[in-house]
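Undergrad: please work out how this folds:
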Amino acid sequence: MIRFCLVCITVVGFLILSIPLLIVEWGIGKFTPMKKDISSLRIIQAVFRFILWLTGARITVIGEENVPKDTPVLYIGNHRSFFDILLTYTRCPIRTGYVAKKEMEKVPLLSNWMKYLHCLFLDRKDIKQGLKTILAAVDKIKDGISICIFPEGTRSRGEDELDMLSFHEGSFKIATKGKCPIIPIALSNTAGIWESHFPTIKPAHVIVEYGKPIYPDELDKEDKKHLGIYTQNVIREMLTKNKELI
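TA: Below is the predicted model:
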């Protein structure tokens with residue numbers, strides 16, 4: 001429970017103590033928005049790295065060379081842990097916004113930082129609002145900002161990591177309409193940090209693998225029509241391969 005308490009103290013402490021930082025970042029953004037975007041990104045990445053260090057997680061990263069450093073992408077990953085966001089966000093080379101559930105927008109201070117980082121809030125119960133969020137994500141891509149989404153819609157709680165929930169095809173419109181590559185991310189054993197033995201946080205070996213970019217326009221008609229299934233199969237292959245490394 002010690003690690004759990006330390007993580008909670010760090011999160012709450014940062015959010016409270018960062019109020020002056022939020023004001024400073026807001027001021028910077030008024031004159032140099034790009035500078036604010038980058039500084040906010042680096043601040044949160046540093047905090048996330050510290051939290052991951054507190055968990056004692058041993059992180060193996062594979063295929064990071066597959067992530068373009070000069071163009072926005074759509075990151076697509078499987079989702080089993082709250083720590084999936086921390087594990088992936090610390091590796092983002094350029095400005096990146098995450099698509100989060102609408103409920104996160106109600107959390108004071110946290111939602112402020114999320115908005116600074118170009119995160120979008122998805123109402124899973126309102127199809128019309130959901131479409132607006134997807135179109136907003138497309139605009140982010142066109143503005144040079146990468147987007148990350150976990151298309152299962154929620155954390156998968158199956159016993160086996162290969163038992164993923166279906167990928168929502170609507171998520172992939174961000175790539176097809178934004179004309180950007182898809183970067184599949186296979187996250188292995190991330191639930192081993194916390195969810196597998198809730199509420200205790202324990203050190204775990206996790207693997208983050210980035211697959212080769214998927215360019216929708218280069219796929220055949222059937223695969224392009226079912227991008228969710230195609231991408232999920234790519235991720236499943238990586239998860240299967242990495243099982244023996246855990």
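Undergrad: so where do the strands sit in the protein?
TA: 58-62, 74-77, 96-101, 120-122, 146-149, 182-188, 205-210 (DSSP state E).
Undergrad: identify whichever of those lies nearest to Glu25.
TA: Between Glu25 and the strands of the chain, the shortest separation by C-beta to C-beta is 15.4 Å, and it involves strand 96-101. All C-beta atoms are positioned from the backbone trio N, CA, C, and that covers glycine.
Undergrad: which strands and helices sit next to that closest one?
TA: Applying 3 or more C-beta pairs under 8 Å, 6 or more residues apart in numbering; DSSP states H and E, we find strand 96-101 packed against helix 83-89, strand 120-122, helix 127-142, strand 146-149.
Undergrad: show me which residues of stretch 203-213 are buried.
TA: Going by neighbour count (16 or more other C-beta atoms under 10 Å), the buried part of stretch 203-213 is Ala204, Val206, Ile207, Val208, Glu209, Tyr210, Gly211, Pro213.
Undergrad: now render the helices and strands packed on strand 96-101 as TSV, adding mean neighbour count and mean pLDDT.
TA: Below are the helices and strands packed on strand 96-101 laid out as TSV (neighbours: other C-beta atoms under 10 Å; pLDDT from 0 to 100):
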stretch	mean neighbour count	mean pLDDT
helix 83-89	21	98
strand 120-122	21	95
helix 127-142	17	94
strand 146-149	25	98
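Undergrad: so which of the ones you listed is nearest Ile229?
TA: In this view, these are compared for proximity to Ile229 by C-beta to C-beta, and strand 146-149 is the closest at 16.0 Å.
Undergrad: so which residues make contact with the closest one?
TA: Strand 146-149 has contacts (C-beta atoms under 8 Å, 6 or more residues apart in numbering) with 72-77, 88-89, 92, 94-99, 120, 137, 140-141, 171, 174, 178.
Undergrad: one more time with 6 Å, if that's ok
TA: Counting by C-beta atoms under 6 Å, 6 or more residues apart in numbering, the neighbours of strand 146-149 from elsewhere in the structure are Pro72, Val73, Leu74, Tyr75, Thr96, Gly97, Tyr98, Val99, Ala137, Lys140, Ser171, Ile174.
Undergrad: just to revisit the earlier point, redo the helices and strands packed on strand 96-101 as JSON lines? Include distance to Ser40.
TA: Rendered in JSON lines, the data for the helices and strands packed on strand 96-101 read as follows (distance: least, C-beta to C-beta, whole Å):
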{"stretch": "helix 83-89", "distance to Ser40": "12"}
{"stretch": "strand 120-122", "distance to Ser40": "15"}
{"stretch": "helix 127-142", "distance to Ser40": "15"}
{"stretch": "strand 146-149", "distance to Ser40": "15"}
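Undergrad: quick one: closest of these to Ala191.
TA: If we rank those by C-beta to C-beta, the stretch that ends up nearest is helix 83-89, at 8.5 Å.
Undergrad: count of neighbours near Thr10?
TA: Residue neighbour count, defined by other C-beta atoms under 10 Å, stands at 14 for Thr10.
Undergrad: what about the residue nearest to it when sequence neighbours are not counted, how many neighbours?
TA: Residue nearest to Thr10 in three dimensions, not counting chain neighbours: Ile51, with 5.8 Å by C-beta to C-beta, 6 or more residues apart in numbering. Neighbouring residues of Ile51 were enumerated by other C-beta under 10 Å; the total is 18.
Undergrad: closest to Trp194 out of the helices and strands packed on strand 96-101?
TA: Put simply, out of the helices and strands packed on strand 96-101 the one that sits nearest Trp194 is helix 83-89, at 6.5 Å, with distance taken as C-beta to C-beta.
Undergrad: and the closest one, what other elements does it pack with?
TA: For helix 83-89, the helices and strands in contact under the criterion 3 or more C-beta pairs under 6 Å, 6 or more residues apart in numbering; DSSP states H and E are helix 33-55.
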